[in-house]
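# show me how the following folds:
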Amino acid sequence: MKRFLFLKPAIAATIAFLAIVSCGNSTKRLLPNVSGKAGEIVVVIGKEAWEGTPGNEIRTLLASDCPYLPQKEPLYTLINVPATAFTNIFQLHRNILMVNIDSKVTEPGVRLKYDQWAQPQCIMLVNAPDNETAASLIAENSELILNAYEQAERDRVIINTKQYEAGQLRATVNKIFGGSPYFPKGYSCKKETSDFVWISYDTQYTIQGIFVYKYPATGDEKKDFSLEEIIANRNSMLKANVPGMFDNTWMTTAEAVQPGLEYIKYKDRQFAQTRGFWEVHNDYMGGPFVSHSFYSRDGKDIIVLEAFVYAPRYDKRIYFRQVESIIYSFQWEDEQEK
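Numbering: from 1, shown residues only. Next up, the predicted model:
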């Protein structure tokens, strides 16, 4: 059964592609796999609108700089295609934003659709009578539009991770923490203690790493999930467990840029999400990190899932999104797929 999420009033089927998308979904179809690269969105919109206010709103939302990356990289790579050129090759793309601007539109709105021409596919539909209305709809629904694409990208990584899982790593983390993310083949355990596990996928020029660690909770929720407490415990744990290449070097939190903190609810889990930069004390290595901090089931400990990337020769958006998606796959042991 396909999934629908209506963000605004249902869109009238005024042109062919919207009529196609609103067809019945009672019959399960066999669909091809999506095409395109991770982090790409095909934007189906006319040239005038693309160069006008709707296009500006789309670029502001989807092509702004990724937060907490050392070099400027857009959130998404946008591929503009006019409706007349939206052929089969583009219909199979993983992420599609379709903007229909027509004076005959009587029910402007935004609609989200999954798995229309391929799977797993995320399609956003914007229906408006004019450019200004289209731009307003995109701005009003900006958080929902962005979250839909972010979730779709994340889910694809998690699906592939579970399909090609290195199961022993999950067993290792479960044993210590009572829950674990899923880890794809290619990752290996670099360190295991009673309160700290370091799992990593290393190539000649890149590192995609994950730390899972715990430390005693204070019992004061406001203090436990304050930025100061999270960073202080992070620095303590990493100094003890993640040495650098040379004497008197270790991983720590970079102080040049203040880390960001927000509180997230995701699939019935609540956690404090911290983003920032890591560096090696007394050395020149560094990169982005993101962590999820939450209580253990008995409330006695804070459990932290942390993803980080080191890729000095390359853009980091794709590497970072991949490893961040892995920590989003966390489940308690009794909730996991066997």
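# which ones are touching residue 275?
67, 68, 259, 260, 288, 289, 290 (C-beta atoms under 8 Å, 6 or more residues apart in numbering). No exception for glycine: its C-beta is placed from N, CA and C like everyone else's.
# for it, give the beta-bridge partners.
Beta-bridge partners for residue 275, by DSSP bridges, are residue 260, residue 290.
# how close does it sit to residue 219?
Remark: distance between residue 275 and residue 219 (C-beta to C-beta, to the nearest Å) = 26 Å.
# what of residue 199?
According to C-beta to C-beta, residue 199 and residue 219 sit 29 Å apart.
# swap in residue 61?
Counting by C-beta to C-beta, the gap from residue 61 to residue 219 is 41 Å.
# low pLDDT regions in the protein?
1-28 (pLDDT under 70).
# what's the spacing between the longest helix anywhere in it and its chain's center?
What stands out as the longest helix in the chain, according to DSSP state H, is helix 142-163. Relative to the chain's own centre, helix 142-163 is displaced by 6 Å; criterion: C-alpha atoms, centre = their mean, to the nearest Å.
# follow-up on the earlier one: between residue 199 and residue 219, which has more neighbouring residues?
Each of residue 199 and residue 219 has its neighbours counted (other C-beta atoms under 10 Å); residue 199 has more, 24 against 9.
# what are the pairing partners of the helix or strand containing the more buried one, and which direction each?
Here residue 199 sits within strand 196-202, counting by DSSP states H and E. Strands that pair with strand 196-202, judged by DSSP bridges, come out as strand 188-192 (antiparallel), strand 207-216 (antiparallel).
# now it, how far from the chain's geometric center?
Distance, centroid of strand 196-202 to centroid of chain: 20 Å (C-alpha atoms, centre = their mean).
# then stretch 184-201 to PDB, C-alphas only?
C-alpha atoms of stretch 184-201 as PDB (Å, rounded to 0.1, in the frame of the first residue of the first chain):
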ATOM      1  CA  PRO A 184      26.600  -2.400   6.800                       C
ATOM      2  CA  LYS A 185      29.300  -4.800   5.700                       C
ATOM      3  CA  GLY A 186      32.700  -3.100   5.400                       C
ATOM      4  CA  TYR A 187      32.500  -1.600   8.900                       C
ATOM      5  CA  SER A 188      34.700  -3.100  11.600                       C
ATOM      6  CA  CYS A 189      35.100  -2.800  15.400                       C
ATOM      7  CA  LYS A 190      38.300  -0.800  16.200                       C
ATOM      8  CA  LYS A 191      37.800  -0.700  20.000                       C
ATOM      9  CA  GLU A 192      35.500  -2.200  22.600                       C
ATOM     10  CA  THR A 193      35.400  -1.500  26.300                       C
ATOM     11  CA  SER A 194      32.700  -1.800  29.000                       C
ATOM     12  CA  ASP A 195      31.300   1.600  28.100                       C
ATOM     13  CA  PHE A 196      32.800   2.500  24.700                       C
ATOM     14  CA  VAL A 197      32.600   1.000  21.200                       C
ATOM     15  CA  TRP A 198      34.300   2.400  18.100                       C
ATOM     16  CA  ILE A 199      33.100   1.100  14.800                       C
ATOM     17  CA  SER A 200      34.500   2.400  11.500                       C
ATOM     18  CA  TYR A 201      34.700   2.100   7.700                       C
END
